[in-house]
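S.K.: quick one, fold the following:
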Amino acid sequence: MLVSSKHRRHLIRRGAVVAFLAISLSGCGFATAQSPLNPAGPVAQIQAGLITSSFWIMMIVSAVVFTALVVAVIRFRARPGQRGLPPQTEGNNRVEFLWTVTPAIILALMMIGTIKESFVLGKIYPASQALQVDVTGHQFWWEFQYPSANITTANELHIPVGEKVELVLTSADVMHSFWVPRLGGKTDLIPGRTNYMWIEASQPGIYHGQCAEFCGTGHADMRITVDAEPPARYAAWVQSMSHPVSIPPKSNTLAYQGYLDFAAAGCSSCHTIAGTNYNGAVGPNLTDLSDRLMIAANLIPNTLANREAWIHDPQAVKPGALMPNLHLPMNEVRAIATYLGTLR
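M.R.: Numbers count the residues shown, from 1 in each chain. Model (predicted):
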């Protein structure tokens, strides 16, 4: 079927409009789980303010430039009967001064605001002024240590609402990057070096984050969950972590068998469970596993079926995971998964 040139131009224009709208609307994620444009704490609010102010400055500059362009195109367009070049002008010192000085002033204003807020965000708070949490990045999970409470956990960071939290960041292997967009920007975790950042949640809730530095095959599945709790609930969590329930009663036959199988299968050589003699330091601390919303570094919901799938074949659940497949029989898998469901 032949298409006329007029119809073809019409299709091209329509396609261009659709493409422009699709690209423009693709960024409209203000209420998404990992949007820096939906801040939930003072750090993210400061950074969102810088983004917003920069955006409007650029929009004003763009409006002025495009307006001047349209005016120039209309006012100085070729007239009917015009021959040769129009009158040429150059060397307008006033205009050249304006378009040299104005951008410098705009950039200076943006620089002053950015530097001012950088000092606020770059401040390191001592333990007397903020809750300290030592964060260690691993391939491909997160370790959280609370020195003041002698607590170690993994992947889910618990913090009290309305309190500054000083994160002391380092890596056990390769470079990682801690990023929970609704609470603050990215900070790298570098082997052999300690970086710092602070966050604060203004309201209770679950905040999702992500490793933002490519760190290997499992990078995309190295997720972060921050549970911001009211102070009383946070204190209760600290208390429960200080007195964990780690060994099921023998009357719970399947769970107790899982407790025994956990050591027999070699899981205890990699994982620590407070309240037991399982003190492995290779994998995540599992002390409060039953209270966690997700497993496998926040990849899948914490259900019995998912725990079984994870123990049975880690690579099938999370490609690139460093947890080995122990090829356990399904009765041992079920027992261990049941036991892990009792840890709190």
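
S.K.: flag the shaky bits of the protein, pLDDT-wise.
M.R.: Applying pLDDT under 70 to the chain picks out residues 1-13, 15-32.

S.K.: now with 50, please.
M.R.: 1-3, 29-30 (pLDDT under 50).

S.K.: which stretches of the stretch 1-150 of the chain form helices?
M.R.: In the stretch 1-150 of the chain, the helices defined using DSSP state H, counting those that start in this stretch lie at 5-25, 42-75, 93-121.

S.K.: in CSV: those, plus mean neighbour count and distance to Arg334.
M.R.: Glycine gets a C-beta too; all of them are placed from N, C-alpha and C. Conversion of the helices of the stretch 1-150 of the chain to CSV gives the following (neighbours: other C-beta atoms under 10 Å; distance: least, C-beta to C-beta, whole Å):
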stretch, mean neighbour count, distance to Arg334
helix 5-25, 10, 47
helix 42-75, 13, 42
helix 93-121, 11, 48
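
S.K.: for those helices, which one sits closest to Ala297?
M.R.: Set against Ala297 and scored by C-beta to C-beta, the helices of the stretch 1-150 of the chain come closest in helix 42-75, at 22.5 Å.

S.K.: so who does Glu143 touch?
M.R.: By C-beta atoms under 8 Å, 6 or more residues apart in numbering, Glu143 lies in contact with 135-137, 152, 154, 172, 284-285.

S.K.: circling back to that earlier point, make CSV out of the helices of the stretch 1-150 of the chain and add distance to Ala235.
M.R.: Converted to CSV, the helices of the stretch 1-150 of the chain look like this (distance: least, C-beta to C-beta, whole Å):
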stretch, distance to Ala235
helix 5-25, 44
helix 42-75, 22
helix 93-121, 28
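
S.K.: partner residues bridging Glu229?
M.R.: Per DSSP bridges, residues listed as beta-bridge partners of Glu229: Pro160.

S.K.: that one: neighbour count?
M.R.: Using other C-beta atoms under 10 Å, Glu229 has 18 neighbouring residues.

S.K.: thought it was touching Trp237?
M.R.: Yes. Proximity of Glu229 to Trp237 meets the contact threshold set by C-beta atoms under 8 Å, at 6.6 Å.

S.K.: just checking, what packs against the one helix or strand Tyr256 maps to?
M.R.: Mapping Tyr256 onto the secondary structure by DSSP states H and E places it in helix 253-264. Secondary-structure packing of helix 253-264 (3 or more C-beta pairs under 8 Å, 6 or more residues apart in numbering; DSSP states H and E): helix 330-340.

S.K.: closest to His327 out of the contacts of Glu143?
M.R.: Nearest to His327 among the contacts of Glu143, counting by C-beta to C-beta, is Pro284 at 21.1 Å.

S.K.: tell me how many other residues surround the closest residue to that closest one other than its chain neighbours.
M.R.: Nearest non-adjacent residue to Pro284, counting by C-beta to C-beta, 6 or more residues apart in numbering: Ala154, 3.4 Å away. Neighbours of Ala154 under the rule other C-beta under 10 Å: 25.

S.K.: partners of Ala154 in the sheet?
M.R.: Note on Ala154: beta-bridge partners by DSSP bridges are Glu143.

S.K.: follow-up on the earlier one: and of the helices of the stretch 1-150 of the chain, who's closest to Tyr256?
M.R.: Here helix 42-75 is closest among these (C-beta to C-beta), at 45.3 Å.

S.K.: elements contacting the closest one?
M.R.: When contacts are defined as 3+ C-beta pairs under 8 Å, 6+ apart, helix 42-75 packs onto helix 93-121, strand 195-199.

S.K.: turn these into TSV, columns for distance to Val73.
M.R.: Listed next are the helices and strands packed on helix 42-75 as TSV, based on distance: least, C-beta to C-beta, whole Å:
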stretch	distance to Val73
helix 93-121	17
strand 195-199	48
